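Asker: next come a sequence and a model predicted from it.
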Amino acid sequence: FYKRYFLQTNQLIYQLGEVSDVGVNLHVPGVPLPAHEAVHLLLESQFLTIIIDSMNTMTTVFRKTITVIAILALMEPQVSQGVSQAVSCDAAVQTYVCLPANYSSMDLPLPKEANLILIEIHISDVLVIDDRDFSITYSLYFNVQWREPRLHINTGFFQDRMESPPTEETLTPVDLNLIKDLWVPNVFIYNLKTFKVIDVLSRLAGLWVSPNKDVMYSQASQITFICPMIFNYFPLDTQVCKFQVGSYSYNMEKMIFAVSQLGYAHTSSKSTDRSIVLDYDIQISPLEEDDKVFVGGPLGNYSLAGFEMILKRHVSHYIITYYLPSGLFVAVSWISFLIPPDIVPGRMALLITLFLVLVNIFNNVTTNSPKAEGLTAIEIWMLACILFVFGALIVYAVILNEKLTASKPRGKQTKRDKKMKQQEIIKMNNGSLGSQEKDPCHEEDAPELLSCHNDQSGGQLRQSLSRAEKKSGKKIKTNYEYAKVDRFFLFFSPFLFLIFNTIYWGYFLLWDKILCKEQGSQ
């Protein structure tokens with residue numbers, strides 16, 4: 001009203017023009033008046049006009065309001081405030097199962113005591129176990145059952161639908177639309193990622209009631225929940241995943257959860273008859289007592305129900321693919337100790353090829369293995385195999401270095417002196433100093449082959465070498481000493497690999513299980 005008044009007043013002043021201090025007369029409806037009196041008169045008339053228009057507008061709105069109130073007063077009142085007319089016990093058409101007029105879906109069925117919520121879990125199949133996403137997906141029939149004493153059930157409801165007399169726990173299906181007006185527990189699934197209800201022509205769900213007023217609501221669904229997995233023992237690991245269900249807002253004083261049935265929903269009695277092949281052997285067991293309570297601090301303790309899913313990985317695939325080939329490669333590397341050091345291409349090619357193959361397998365393992373805080377069990381195995389082959393390569397490198405050092409001339413020794421020493425050794429071995437026959441093994445530039453010493457026994461070779469060393473005053477090294485080094489590592493490497501296998505498999509298979517049992521007993 002005031003906004004309209006000021007807008008029209010400003011417009012009127014604008015039409016009259018500016019009023020000067022001299023008092024210019026303006027002719028308003030034929031009457032000459034001073035400017036300020038004319039403006040005052042016009043403003044009063046405009047003000048009265050605005051008041052009359054506002055009163056007419058208010059009268060129109062008042063009439064409409066009275067009309068709406070009269071229409072609402074003439075309408076038929078609702079049957080109840082909390083439930084729809086179709087399921088109300090006061091409806092014109094009576095049903096076998098109904099709710100009272102004062103029923104409220106926001107009130108607990110038993111407000112003065114704890115409400116027992118029973119959970120039934122029938123797993124149809126485990127679909128996916130994702131190591132990288134730390135999640136498990138499986139299909140199941142998820143049933144929730146509770147008691148609703150406010151529910152009215154006609155006595156003839158069960159007799160008309162059953163041939164034999166019903167018991168107190170007999171469940172009979174009812175219309176699913178009743179769930180829209182019923183009180184439903186606010187079920188909360190811990191570590192839930194997705195919850196999907198399966199649809200065909202309609203949502204696959206059902207509602208059942210019993211004579212003692214128990215209500216069961218069932219859904220065919222697919223659940224994906226997060227499982228904290230630790231892969232330090234991969235692929236010899238065993239994961240324990242906990243599926244826990246509870247109330248989001250009501251503590252143990254108002255709501256208690258318990259599992260009534262748990263298992264696989266298979267037609268076959270064997271739980272292993274599953275159509276999907278997974279990397280784990282799956283076992284289902286009830287929750288421990290400590291896992292059935294969630295401590296909420298000042299909010300109180302919350303009751304939980306659910307199960308433990310124990311995932312034990314199948315190791316046979318990894319043994320055939322990784323463990324057995326890498327172990328055989330280590331065993332093949334020991335053959336290099338039987339090859340004479342002078343055959344450099346053969347021995348070096350063997351060791352280098354095995355080393356590169358193991359490095360390639362290790363890269364493949366690290367790419368396909370799940371993430372862990374440190375090294376996994378299979379990565380430790382592969383690194384150990386690489387180190388064993390690398391150790392054989394280092395032994396051969398040391399032998400080659402010793403041979404190279406020993407072949408260099410010492411001091412001012414000439415080729416003639418070296419040739420004379422070799423001839424003297426030959427004469428000693430043949431038992432005659434007059435023999436001038438040349439031996440290709442002791443040519444001037446001939447390599448010191450291991451075969452040059454195979455025709456002599458160890459005692460004869462040591463005696464001839466000792467006499468030559470006494471005469472020359474220097475120690476002479478032959479391939480026989482290098483052969484002793486190879487022979488030592490030929491027995492020492494398998495023994496060391498056997499010790500490693502004992503520690504490795506004993507720790508990851510036996511010791512870990514003993515520790516888990518001790519922790520579980522405590």
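Answerer: Received the coordinates, thanks.
Asker: give the pairing partners of the lengthiest strand in the chain; include direction for each.
Answerer: Ranked by residue count and defined by DSSP state E, the top strand of the chain is strand 115-130. In the sheet, strand 115-130 lines up against strand 135-147 (antiparallel), strand 255-264 (parallel) (DSSP bridges).
Asker: which of these sits most buried?
Answerer: Stretch with highest mean neighbour count among the strands paired with strand 115-130: strand 135-147 (a mean of 19; mean count of other C-beta atoms under 10 Å). All C-beta spots, glycine's among them, are computed from the backbone N, C-alpha and C.
Asker: next SSE after it?
Answerer: Counting by DSSP states H and E, the next helix or strand C-terminal to strand 135-147 is strand 152-153.
Asker: list the helices and strands that next one packs on?
Answerer: Applying 3 or more C-beta pairs under 8 Å, 6 or more residues apart in numbering; DSSP states H and E, we find strand 152-153 packed against strand 97-98.
Asker: average pLDDT across the strand it packs on?
Answerer: Strand 97-98 carries an average pLDDT of 86.
Asker: in its sheet, what does that strand sit against?
Answerer: Applying DSSP bridges, you get strand 152-153 (antiparallel) as the partners of strand 97-98.
Asker: buried residues, the longest strand of the chain. List them.
Answerer: 115-126, 129 (16 or more other C-beta atoms under 10 Å).
Asker: so after the helix or strand where Leu304 lies, what's the next helix or strand?
Answerer: Using DSSP H and E, Leu304 sits in strand 301-313. On the C-terminal side of strand 301-313, the nearest following helix or strand under DSSP H and E is helix 316-318.
Asker: what's that following helix packed up against?
Answerer: Using 3+ C-beta pairs under 8 Å, 6+ apart, no helix or strand is in contact with helix 316-318.
Asker: mind listing what's buried along that helix?
Answerer: Buried positions in helix 316-318, judged by neighbour count with 16+ other C-beta under 10 Å: Tyr318.
Asker: which helices and strands does the next helix or strand after it pack with?
Answerer: Using DSSP H and E, the helix or strand that follows helix 316-318 towards the C-terminus is helix 324-333. Helix 324-333 sits against helix 344-368, helix 377-407, helix 479-505, with contacts defined as 3+ C-beta pairs under 8 Å, 6+ apart.
Asker: so can I have CSV of these showing mean pLDDT?
Answerer: Output for the helices and strands packed on helix 324-333, formatted as CSV (pLDDT from 0 to 100):
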stretch, mean pLDDT
helix 344-368, 93
helix 377-407, 91
helix 479-505, 88
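Asker: deepest of those, which one?
Answerer: helix 377-407 (a mean of 17).
Asker: what angle sits between it and helix 479-505?
Answerer: Relative orientation of helix 377-407 and helix 479-505, computed by axes from the mean of the first three to the mean of the last three C-alpha atoms, to 10 degrees: 170 degrees.
Asker: compute the inter-axis angle for helix 377-407 and helix 324-333.
Answerer: For helix 377-407 and helix 324-333, the angle between their directions (the same axes, to 10 degrees) works out to 10 degrees.
Asker: on that earlier part again, what lines up beside the strand holding Leu304 in the sheet?
Answerer: strand 238-247 (antiparallel), strand 280-286 (antiparallel), strand 293-295 (antiparallel).
Asker: let me see the mean pLDDT of the second one.
Answerer: Which is strand 280-286. Averaged across strand 280-286, pLDDT comes to 92.
Asker: CA atoms only: put it into PDB for me.
Answerer: Output of strand 280-286 as PDB, limited to C-alpha atoms (Å, rounded to 0.1, in the frame of the first residue of the first chain):
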ATOM      1  CA  TYR A 280      39.900 -68.200  -3.700                       C
ATOM      2  CA  ASP A 281      38.400 -71.000  -1.700                       C
ATOM      3  CA  ILE A 282      35.600 -69.300   0.200                       C
ATOM      4  CA  GLN A 283      34.400 -70.300   3.600                       C
ATOM      5  CA  ILE A 284      31.600 -68.600   5.600                       C
ATOM      6  CA  SER A 285      31.400 -68.600   9.400                       C
ATOM      7  CA  PRO A 286      29.500 -66.500  12.000                       C
END
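Asker: buried ones in that strand?
Answerer: Residues 280, 282, 284 are the ones in strand 280-286 that count as buried (16+ other C-beta under 10 Å).
Asker: coming back round to it: in the strand holding Leu304, what counts as buried?
Answerer: By neighbour count on 16+ other C-beta under 10 Å, the buried set for strand 301-313 is 302-309, 311, 313.
Asker: repeat for stretch 175-184
Answerer: Across stretch 175-184, burial judged by 16+ other C-beta under 10 Å covers 178-179, 181-183.
Asker: distance to Asn102 for the helices and strands packed on helix 324-333 - can I get that in CSV?
Answerer: Shown next, in CSV, are the helices and strands packed on helix 324-333 (distance: least, C-beta to C-beta, whole Å):
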stretch, distance to Asn102
helix 344-368, 63
helix 377-407, 64
helix 479-505, 70
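Asker: low-scoring stretches of the stretch 151-300 of the chain, by residue?
Answerer: By pLDDT under 70, the weakly predicted segments of the stretch 151-300 of the chain are 159-166, 266-275.
Asker: hey, where'd the helices end up in it?
Answerer: Assigned by DSSP state H, counting those that start in this stretch, the helices in the stretch 151-300 of the chain fall at 156-159.
Asker: could you pull out the strands for it?
Answerer: With DSSP state E, counting those that start in this stretch, the ranges of strands along the stretch 151-300 of the chain come out as 152-153, 172-174, 187-189, 192-197, 205-209, 214-226, 238-247, 255-264, 280-286, 293-295.
Asker: take these and write them to CSV, including distance to Leu140.
Answerer: Below are those laid out as CSV (distance: least, C-beta to C-beta, whole Å):
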stretch, distance to Leu140
strand 152-153, 29
strand 172-174, 20
strand 187-189, 12
strand 192-197, 11
strand 205-209, 13
strand 214-226, 7
strand 238-247, 10
strand 255-264, 9
strand 280-286, 11
strand 293-295, 22
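Asker: of those strands, which is nearest Leu496?
Answerer: The closest of the strands of the stretch 151-300 of the chain to Leu496 is strand 238-247. By C-beta to C-beta, the value is 29.5 Å.
Asker: quick check: angle from that closest one to strand 192-197?
Answerer: 70 degrees.
Asker: closest to Tyr190 out of the buried residues of strand 115-130?
Answerer: Nearest to Tyr190 among the buried residues of strand 115-130, with distances taken as C-beta to C-beta, is Ile119, at 13.0 Å.
Asker: surely that closest one meets Met255?
Answerer: No. Counting by C-beta atoms under 8 Å, Ile119 does not reach Met255; the two are 12.0 Å apart.
Asker: list the contacts for the residue nearest to Tyr302 when sequence neighbours are not counted?
Answerer: With sequence-adjacent residues excluded and distances taken as C-beta to C-beta, 6 or more residues apart in numbering, Tyr302 is closest to Phe294, at 4.3 Å. Counting by C-beta atoms under 8 Å, 6 or more residues apart in numbering, Phe294 touches 190, 244, 246, 301-304.
Asker: make a markdown table out of those residues and add distance to Thr321.
Answerer: Formatted as a markdown table, the contacts of Phe294 follow (distance: C-beta to C-beta, whole Å):
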| residue | distance to Thr321 |
| --- | --- |
| Tyr190 | 36 |
| Gln244 | 36 |
| Gly246 | 42 |
| Asn301 | 48 |
| Tyr302 | 45 |
| Ser303 | 46 |
| Leu304 | 40 |
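Asker: for the buried residues of strand 280-286, which one is nearest Leu358?
Answerer: Tyr280 (27.8 Å).
Asker: on that earlier part again, tabulate the strands paired with strand 301-313 (a markdown table), appending distance to Phe388.
Answerer: Shown next, in a markdown table, are those (distance: least, C-beta to C-beta, whole Å):
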| stretch | distance to Phe388 |
| --- | --- |
| strand 238-247 | 28 |
| strand 280-286 | 31 |
| strand 293-295 | 50 |
